[in-house]
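> Need the 3D shape of this:
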Amino acid sequence: KFVAQFTVLGLLMLVAVGMMIIAAAITNPEFTAVHAALTFVKLWSAAMVLSVAFLALTSLCSSIFRQAPVSLVINFILLFALWFLSSFGEVFRLPGEQLAESAVQGLPSARPESVLGYVRFASVFHYAGDLLHPHWQRFGAAGLAHLGFALAFLGLGYVVLSKRDL
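Here you go, the predicted model:
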């Protein structure tokens, strides 16, 4: 089921990103074929890496709950909880993290330092911003984080299905 969903999503994203690249090429004459190809690969791969963890979460919910409406509601609740973990963790500075200057007035950020800042790393949303980062190391780390979450969700789904079917 997961592989079929991922395949369909990959094909849909192929069409959607292709249409974005065509629109960019039409509206911007400086958008060369090489730049279009590189942008296409980067956007499509980022979209697929981003979606793999969320598709795995959907598969986990589907394996836990037999009724589709219940699975859908729990999936939305879990998505919100993951977003909240990331947002909550960003409120705090990590212990020892330097104060960043505010972009508004050049003043130090007022974020308090706390171990609660580590909560952000428990959410797949924390890593999404680096999927379009220009440095491949940041993209690679974010991609590995998304794949790790996907494997964890799929592994839990497998455990649930194997326990239920025995």
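> contacts for stretch 60-77?
1, 57-58, 78, 153-154, 156-158, 160-161, 164 (CB atoms under 8 Å, 6 or more residues apart in numbering). All C-beta atoms are positioned from the backbone trio N, CA, C, and that covers glycine.
> quick one: low-confidence ranges for this protein?
99-110, 165-166 (pLDDT under 70).
> What about the contacts of stretch 60-77, which are in helices?
57-58, 78, 153-154, 156-158, 160-161, 164 (DSSP state H).
> Now that we have those, which of them are buried?
Those of the ones in helices among the contacts of stretch 60-77 that meet the buried threshold are 57-58, 78, 153-154, 156-157, 160, by 16 or more other CB atoms under 10 Å.
> From those residues, pick the one nearest Val124.
Leu57 (8.1 Å; CB to CB).
> Who are the contact partners of the closest residue to that closest one other than its chain neighbours?
Nearest residue to Leu57, sequence neighbours excluded (CB to CB, 6 or more residues apart in numbering): Phe153, at 5.0 Å. By CB under 8 Å, 6+ apart, the contact list for Phe153 reads 53, 56-57, 59-60.
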